[in-house]
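Visitor: Test case, fold it:
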Amino acid sequence: MQKIAIIQISEAGAGIALELKRQLNATIVRRSDVEKRWKDFDAFVFIGAMGICVRTIAPFINDKHEDPAVVCVDSLGRNVVSVLSGHVGGANELTSTVAGILGANPVITTQSDNAGLWALDTLGNRFDWSCPSQDDMNNCIFAFVNRKPTALLLEVRDQGTDYMERTLPDHVSLIDDISQADPKKFKLLIMVTPFMHDAPKGMLTLHFVPMIGTIGFGLAHRPDDYEDIFEQMDAAFLARKVFPCAYNYCTIDVKADEPFVKMVQREYNVHVSFFTAEELAAVEVPHPSDVVEKHVGTPSVCEAAAILGSNHGQLIVEKIKGKHWTAALAIDRKYLRHKKAHVEIVGAGPGDPDLVSVRGRRMLEKADLILYAGSLVPRELTACAKLGAVVRSSAGMALEEQCRLMKEHYDKGHFIVRLHTGDPCIFGAIQEQMAFFDANGMDYHITPGISSFLAAAAELRSQFTIPERTQTIILTRGEGRTPMPEKEQLHLLAKSQSTMCIFLSAAIVDDVQRELLQEYPEDTPVAACYHLTWPDQRIYRGKLKDLARIVHDNGLTLTTMLVVGEAIDNRQGLSELYNKHFTHLYRKGE
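Guide: Now for the predicted structure:
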């Protein structure tokens with residue numbers, strides 16, 4: 001978090017100073033103390049005349065890589081001006097933040113900002129990327145802001161690369177491979193990748209390395225030269241044309257007290273995670289070792305630890321053997337751009353196309369095949385499909401047909417989206433599909449979605465958790481053709497009197513009502529929510545004793561969420577609690 005100082009120059013700015021102090025968790029500092037506090041803060045916000053601000057800081061200005069950010073706000077709070085260290089120091093970003101707090105006009109004079117271009121010298125800090133090619137930074141910035149033809153190579157996917165794709169300037173061209181970086185076409189090459197590439201001669205090159213990897217390591221014993229092991233590992237990765245891009249290091253727990261581990265935690269500020277031999281032994285690795293298993297009880301340490309630490313990610317560098325150490329590097333699959341075939345299981349949300357996640361929409365836009373649950377997902381959600389994409393409804397298709405279709409496209413190297421309603425992990429029937437993907441060695445990942453129970457709370461304008469009344473939400477279904485576990489029978493779950501959201505149960509509503517009435521009072525509020533967020537959405541409220549009649553009389557179907565509990569539209573209860581807990585917010589007589 002930035003340490004921010006507020007300098008109030010005139011009495012007229014007192015209110016602004018106090019508001020910014022509160023909103024920014026800042027410190028109010030006297031103008032006369034700026035000299036001795038200049039190195040104590042990341043940023044200074046002056047409130048008053050620009051001239052006074054400039055004369056105050058002028059004697060202390062040194063270098064944009066060292067100076068704090070300086071912002072000036074006029075005493076009426078109408079304009080916020082970025083004065084010093086606009087990009088590197090973060091003054092431009094702070095200017096926008098302060099202007100947003102005050103409802104003021106942000107004044108930023110940096111060319112790239114005003115032209116809507118990326119601030120290349122801030123991308124590293126902003127997105128936690130290292131930049132091994134800093135020497136040419138100024139030349140790269142000059143070429144970029146003057147709109148010289150630029151090639152952009154993205155070999156991972158993270159917040160930063162998503163931002164770059166979303167805001168791609170018109171003089172920047174995305175390339176798929178380093179071979180497309182033609183110096184006859186491009187003046188500048190920007191790369192975001194953990195992999196080393198030999199840039200073509202005659203091009204300016206800016207290389208960002210996203211810190212998205214996990215390094216697993218093993219230690220043979222307590223070596224005397226442990227101080228050099230960290231550098232040896234880094235050199236070994238670089239020799240394999242991969243930057244040691246790890247935010248996390250992992251090993252077996254019996255090495256937790258090794259001097260090497262303590263050193264990297266202390267001197268290199270590296271986070272180290274530990275796994276038991278049992279956890280590591282359960283991971284399949286390319287290079288198991290009988291010797292390692294004999295000594296520590298698992299056939300792999302470095303490869304298994306890298307895979308576990310990266311959320312069962314992909315090994316990018318397999319086992320490297322050093323003098324007294326081993327190491328491997330893996331990357332969580334969510335960060336990888338899939339040049340090969342891939343299946344993305346996407347949560348569509350409750351139905352409104354605007355409620356699919358931003359990531360989910362991006363997946364849909366790039367898919368070669370979209371297989372959507374047509375009986376539950378509106379076709380409108382697939383309207384963003386790219387030209388030439390295959391869009392199929394799985395309604396009426398057996399599971400074998402769905403898997404066969406996805407496998408056909410997978411074998412062609414296609415990007416596949418399996419689109420499920422709500423969140424795919426809640427009654428999404430994805431378990432069988434994932435088992436098929438696993439059995440066939442198919443790469444896949446899950447993008448979560450907004451579940452219909454959240455849409456029910458929003459559309460009912462209800463808070464499903466009420467202090468001192470109910471703090472639990474139960475997501476379940478009635479027992480139809482699919483048996484319920486014995487301990488999860490509705491009447492047993494109902495004992496808690498929690499807010500209950502019942503999926504896929506409109507067809508057996510009589511049984512549902514009978515079980516619920518064993519525990520809930522018959523006048524408990526209920527809501528039957530049909531096609532939540534769809535254009536034909538209908539919501540019916542009532543009492544539990546009338547739930548079955550409400551469903552039958554209105555012809556509600558399987559796409560109905562049944563909600564039970566006193567949290568539904570409990571305005572009186574909420575008002576009583578508000579009065580009880582927040583009386584200090586009221587003034588006498590108001």
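
Visitor: all contacts plus neighbour counts: C-alpha atoms, from now on.
Guide: Will do.

Visitor: which regions of the chain lie under the pLDDT threshold?
Guide: Across the chain, the ranges flagged by pLDDT under 70 are 111-115, 134-135, 222-224, 338-339, 570-590.

Visitor: Grab the most central residue of it for me.
Guide: Central residue of the chain (CA atoms, centre = their mean): Q159, 7.4 Å from the mean position.

Visitor: Make sure it is actually in contact with D128.
Guide: No: using CA atoms under 8 Å as the test, Q159 is too far from D128 to be in contact (9.9 Å).

Visitor: Can you tell me how far E93 is from A119?
Guide: For E93, the distance to A119 equals 11 Å [CA to CA, to the nearest Å].

Visitor: and those two? which has more neighbours close in?
Guide: Between E93 and A119, counting by other CA atoms under 10 Å, A119 is the more crowded of the two (19 against 16).

Visitor: okay but the more buried one is in contact with G90, surely?
Guide: No: if you go by CA under 8 Å, A119 and G90 don't touch, sitting 10.7 Å apart.

Visitor: burial count for G77?
Guide: Per other CA under 10 Å, the neighbour tally for G77 reads 22.

Visitor: May I ask you to confirm that it belongs to a helix?
Guide: No: the assignment for G77, made by DSSP: H, G, I helix; E, B strand; the rest coil, is coil rather than a helix.

Visitor: give the contact list for it.
Guide: G77 sits next to 13, 16, 102, 104 when contact means CA atoms under 8 Å, 6 or more residues apart in numbering.

Visitor: how close does it get to A305?
Guide: In this view, G77 and A305 are 54 Å apart by CA to CA.

Visitor: Strands of the stretch 151-300 of the chain, residue ranges please.
Guide: For the stretch 151-300 of the chain, strands defined by DSSP state E, counting those that start in this stretch occupy the ranges 172-175, 188-192, 204-210, 213-219, 246-252, 272-275.

Visitor: Can you add distance to I370 and mean neighbour count and give those back as a markdown table?
Guide: What follows is the strands of the stretch 151-300 of the chain, written out as a markdown table (distance: least, CA to CA, whole Å; neighbours: other CA atoms under 10 Å):
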| stretch | distance to I370 | mean neighbour count |
| --- | --- | --- |
| strand 172-175 | 24 | 16 |
| strand 188-192 | 28 | 24 |
| strand 204-210 | 30 | 23 |
| strand 213-219 | 30 | 26 |
| strand 246-252 | 34 | 23 |
| strand 272-275 | 38 | 19 |
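
Visitor: got TSV for those, with distance to D368 too?
Guide: Converted to TSV, these look like this (distance: least, CA to CA, whole Å):
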stretch	distance to D368
strand 172-175	19
strand 188-192	25
strand 204-210	27
strand 213-219	28
strand 246-252	32
strand 272-275	38
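
Visitor: Tell me which of the ones you listed lies nearest to S82.
Guide: strand 204-210 (26.4 Å; CA to CA).

Visitor: what's the angle between that closest one and strand 246-252?
Guide: Using axes from the mean of the first three to the mean of the last three CA atoms, to 10 degrees, the inter-axis angle of strand 204-210 relative to strand 246-252 is 40 degrees.

Visitor: and for strand 204-210, what are the contacting residues?
Guide: The contact list for strand 204-210 (CA under 8 Å, 6+ apart) reads 124, 127-134, 136-137, 139-140, 187-194, 199, 243, 245.

Visitor: Any of those residues buried? List them.
Guide: Among these, those scoring as buried are 124, 127-131, 137, 140, 187-194, 199, 243, 245 (criterion: 16 or more other CA atoms under 10 Å).

Visitor: Narrow these to those in helices?
Guide: Those of these mapping onto helices are 124, 127, 137, 140, per DSSP state H.

Visitor: Identify the farthest-apart pair in those.
Guide: F127 and C140 (18.6 Å).

Visitor: Tell me how many other residues crowd T524.
Guide: If you count neighbours by other CA under 10 Å, T524 ends up with 18.

Visitor: Backbone torsions only: list them for I320.
Guide: The phi/psi pair for I320 (degrees, to the nearest 10) reads phi -110, psi 130.

Visitor: List the beta-bridge partners for it.
Guide: Beta-bridge partners of I320, counted by DSSP bridges, are A327.

Visitor: quick one: it from D332, how far?
Guide: The gap separating I320 from D332 is 19 Å, by CA to CA.

Visitor: show me the contacts for the residue nearest to the centre of the chain.
Guide: Here Q159 is in contact with F127 (criterion: CA under 8 Å, 6+ apart).

Visitor: if we go to 10 Å?
Guide: Q159 makes contact with 126-128, 335 under the criterion CA atoms under 10 Å, 6 or more residues apart in numbering.

Visitor: And T150, by the same measure?
Guide: By CA under 10 Å, 6+ apart, T150 lies in contact with 140, 143-144, 169-175, 181, 183, 185-190, 203-205.

Visitor: Taking the contacts of Q159 together, which two end up most distant?
Guide: Largest pairwise distance in the contacts of Q159, by CA to CA, is 17.1 Å, between R126 and Y335.

Visitor: count of residues packed around L24?
Guide: For L24, using other CA under 10 Å, the count is 19.

Visitor: should've said R166
Guide: 9.

Visitor: again with M397
Guide: Neighbourhood size, M397 [other CA under 10 Å]: 11.

Visitor: What of L280?
Guide: Neighbour count for L280, taken as other CA under 10 Å: 25.

Visitor: what's the answer for E155, then?
Guide: 19.

Visitor: Skipping adjacent residues, who's closest to it in space?
Guide: Counting by CA to CA, 6 or more residues apart in numbering, E155 lies nearest to T193, which is 5.1 Å off, once chain neighbours are set aside.

Visitor: quick one: which helix or strand includes D63?
Guide: Per DSSP states H and E: D63 is located in neither a helix nor a strand.

Visitor: How about the backbone phi and psi for it?
Guide: With angles defined as degrees, to the nearest 10, D63 sits at phi -150, psi 140.

Visitor: any idea how far it is from K241?
Guide: 34 Å.

Visitor: try H552
Guide: Distance check for H552 against K241: by CA to CA, it reads 66 Å.

Visitor: so how far is the first residue of stretch 553-562 from its last?
Guide: Stretch 553-562: ends 15 Å apart by CA to CA.

Visitor: Any chance you could list what contacts it?
Guide: Defining contact as CA under 10 Å, 6+ apart, one finds that stretch 553-562 is touched by 375-376, 452-453, 455-456, 477, 500-509, 512, 526-532, 537-540, 547, 549-551.
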